[in-house]
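Colleague: Generate coordinates for the sequence data below:
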Amino acid sequence: MRTLFTIGLALLLGTCSLPPSLLEQVQTRGELHVLTRNSPTTYYIGAEGPTGLEYDLAQRFADHLGVELRIETPEGLAALFDALEDDQAHLAAAGLSRTSDRESRVRFSRPYHEVTQQLVYRFGEEEPRDLSDLDGRLAVVAGSSHEATLKHLSEDYPGLDWESVEGVESEDLLIQVAERELRYTVADSVDLKINRRYHPELRSAFDLAEPDAIAWAFPPNQDRSLLNAANAFLERLEQRGTLAQVRDRHFGHTERFDYVGTRIFMRHINNRLPSYRHLFEEAAQRNELDWRLLAAIGYQESHWNPQAISPTGVRGIMMLTQRTASDLGVENRIDPEQSIMGGARYFRQVRERIPEHIQEPDRTWMALAAYNVGFYHVMDARILTERKGGNPDRWMDVREHLPLLSQRQYYTQTRYGYARGREPVIYVGNIRRYYDILEWMMPLEDDMESLVETRQGEEAQASDGAED
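Modeller: Numbering: from 1, shown residues only. As a prediction, the model looks like this:
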């Protein structure tokens, strides 16, 4: 009798076993389903495929779990939160601020970023001092933290009026302000920094609130297993410095802004670049590079002026020294084709010298620094970085230590001595900004068509010349 009771109890307990946790379900299915927004600060298709801060972090988390990443971009924030509440995804990584209203609907991870909400207007219009000064149409994204902030502030500003627009991103409203279709909007500080590179007229009038914590959001009705795993993952990234590196990769070069320089660059894209674009494209194709990166280097060097010359004697669009030109077989440095082809070969050679184990895009940024200040000085900076506890394979860390090469107490410790180490830091930052603008304005899918059309035109001209 006791034996039968024991067997029955075992069978009963077996049928009452707990269902798999959300984390176990994700790992069993082999897929992490993430909701996000299609924007420059979260997720978009870049030159080498999907990118963006949120995409990079989500991909790292999926890799950490050993599963595939599945990205979905719902139509608007309301749809994103509805899908999350209905358990239609595992998490949302979409640059979401942790607000009290949202915390009543979903669960949030530990924060991994911080932004400030700012009132944005167009340069040339009267700058408001506070919300009582607004004289025109104000619009924000429906369901956003900006809308919640305005609702809260309306208690102190009873005359405050705004529109909540469905189905748009903050970037759309920023463009409307830049194009004078809208007088004001509210944007996160990082969105403004990103977008003013393309629309330099955008300005911040004032901050609307204290900084917001940005975090991932999780379904409210599921167990906390996946949330706990995400918190441990984000904490590990923070402790290792990886999180700071990822943020720097996407936003580090947006801090320095030159309104006049950006306007001039946009003008030169229209009136100078067309004459040389086909040369940048062909040089890039021959050297397995992105033509827009080459064009950004060329602009930083000469503003795409083939007659440019520096006080030290470097010349041409790519500003080659006489010695470098001779080594590359460039006979005429002010000839645009020779200069661009030579500069592309030289940059490829410099980049090939950077240790292969250094991950992209850090390897490219270090190659750019070496193109500017010299390969061995960059290697000295990497040694200094390691000595001072930094990571010599991360551009963010090396960038911090390059300026030390101009200080005697440090450059006397190096093999190759003094260098103007601050210059390559500025140089790389400028090129990253120019490259971002070119990447935004000229998607790669247009490149081959442009190159084919240019070559067909050249062949037609050659044919006409032969007939004449």
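Colleague: Next, count neighbours for residue 167.
Modeller: Using other Cβ atoms under 10 Å, the number of residues around residue 167 comes to 12. C-beta here means a position set from N, CA and C on the backbone, and glycine is covered the same way.
Colleague: Can you name the residues that contact it?
Modeller: Residues near residue 167 by Cβ atoms under 8 Å, 6 or more residues apart in numbering: 75, 76.
Colleague: Which of the helices or strands spans it?
Modeller: For residue 167, there is no enclosing helix or strand under DSSP states H and E.
Colleague: Would you quantify the distance from it to residue 142?
Modeller: As judged by Cβ to Cβ, to the nearest Å, residue 167 and residue 142 stand 8 Å apart.
Colleague: Run through this structure and note the low-pLDDT ranges.
Modeller: Applying pLDDT under 70 to the chain flags residues 1-17, 45-49, 252-260, 311-312, 444-468.
Colleague: quick one: the residue nearest to the spatial centre of it and residue 437, what's the gap?
Modeller: The chain has residue 250 as the residue nearest its centroid, 3.0 Å off, counting by Cα atoms, centre = their mean. Counting by Cβ to Cβ, the separation of residue 250 from residue 437 is 15 Å.
Colleague: coming back round to it: so what sits against both of residue 167 and residue 142?
Modeller: Residues touching both residue 167 and residue 142 by Cβ under 8 Å, 6+ apart: residue 76.
Colleague: and stretch 355-375, how far from the chain's centre?
Modeller: Offset of stretch 355-375 from its chain centre (Cα atoms, centre = their mean, to the nearest Å): 18 Å.
Colleague: Convert it to PDB, retaining C-alpha atoms only.
Modeller: What follows is stretch 355-375, C-alpha atoms only, in PDB (Å, rounded to 0.1, in the frame of the first residue of the first chain):
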ATOM      1  CA  PRO A 355      46.700  44.800 -35.700                       C
ATOM      2  CA  GLU A 356      44.000  42.500 -37.100                       C
ATOM      3  CA  HIS A 357      42.700  41.600 -33.700                       C
ATOM      4  CA  ILE A 358      41.400  45.100 -33.100                       C
ATOM      5  CA  GLN A 359      37.700  45.100 -33.800                       C
ATOM      6  CA  GLU A 360      35.900  47.500 -36.100                       C
ATOM      7  CA  PRO A 361      35.200  50.300 -36.200                       C
ATOM      8  CA  ASP A 362      38.100  50.900 -33.800                       C
ATOM      9  CA  ARG A 363      40.600  49.600 -36.300                       C
ATOM     10  CA  THR A 364      39.400  52.200 -38.900                       C
ATOM     11  CA  TRP A 365      39.500  55.100 -36.400                       C
ATOM     12  CA  MET A 366      43.100  54.100 -35.400                       C
ATOM     13  CA  ALA A 367      44.000  53.900 -39.100                       C
ATOM     14  CA  LEU A 368      42.700  57.400 -39.600                       C
ATOM     15  CA  ALA A 369      44.700  58.600 -36.700                       C
ATOM     16  CA  ALA A 370      47.800  56.900 -38.100                       C
ATOM     17  CA  TYR A 371      47.100  58.500 -41.500                       C
ATOM     18  CA  ASN A 372      47.200  61.900 -39.800                       C
ATOM     19  CA  VAL A 373      50.000  61.600 -37.200                       C
ATOM     20  CA  GLY A 374      51.900  58.500 -38.200                       C
ATOM     21  CA  PHE A 375      51.600  54.800 -37.500                       C
END
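Colleague: buried set for it?
Modeller: For stretch 355-375, the buried set under the neighbour-count rule, 16 or more other Cβ atoms under 10 Å, comprises 358, 362-373, 375.
Colleague: Would you map the helices across the stretch 201-350 of the chain?
Modeller: Applying DSSP state H, counting those that start in this stretch to the stretch 201-350 of the chain gives helices spanning 225-240, 242-251, 259-271, 273-287, 291-302, 322-328, 336-353.
Colleague: Export the buried residues of stretch 355-375 to CSV and append columns for secondary structure and distance to residue 212.
Modeller: Output for the buried residues of stretch 355-375, formatted as CSV (DSSP: H, G, I helix; E, B strand; the rest coil; distance: Cβ to Cβ, whole Å):
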residue, secondary structure, distance to residue 212
358, coil, 34
362, helix, 29
363, helix, 34
364, helix, 32
365, helix, 29
366, helix, 33
367, helix, 36
368, helix, 33
369, helix, 34
370, helix, 39
371, helix, 39
372, helix, 37
373, helix, 38
375, helix, 42
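Colleague: if we can go back for a sec, comparing the helices of the stretch 201-350 of the chain, which comes out most buried?
Modeller: Highest mean neighbour count of the helices of the stretch 201-350 of the chain: helix 291-302, a mean of 25 (counted as mean count of other Cβ atoms under 10 Å).
Colleague: and that one with helix 336-353, angle?
Modeller: Taking axes from the mean of the first three to the mean of the last three Cα atoms, to 10 degrees, one finds helix 291-302 and helix 336-353 inclined to each other by 110 degrees.
Colleague: chain center to helix 291-302, what's the gap?
Modeller: Using Cα atoms, centre = their mean, the offset of helix 291-302 from its chain centre is 18 Å.
Colleague: then it to PDB, C-alphas only?
Modeller: Extracted in PDB, the C-alpha atoms of helix 291-302 (Å, rounded to 0.1, in the frame of the first residue of the first chain):
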ATOM      1  CA  TRP A 291      33.900  55.600 -50.900                       C
ATOM      2  CA  ARG A 292      32.200  57.900 -48.500                       C
ATOM      3  CA  LEU A 293      35.000  57.300 -45.900                       C
ATOM      4  CA  LEU A 294      37.500  58.300 -48.600                       C
ATOM      5  CA  ALA A 295      35.500  61.300 -49.500                       C
ATOM      6  CA  ALA A 296      35.300  62.300 -45.800                       C
ATOM      7  CA  ILE A 297      39.100  62.000 -45.600                       C
ATOM      8  CA  GLY A 298      39.500  64.100 -48.700                       C
ATOM      9  CA  TYR A 299      37.300  66.800 -47.300                       C
ATOM     10  CA  GLN A 300      39.100  66.900 -44.000                       C
ATOM     11  CA  GLU A 301      42.400  67.200 -45.900                       C
ATOM     12  CA  SER A 302      41.500  69.800 -48.500                       C
END
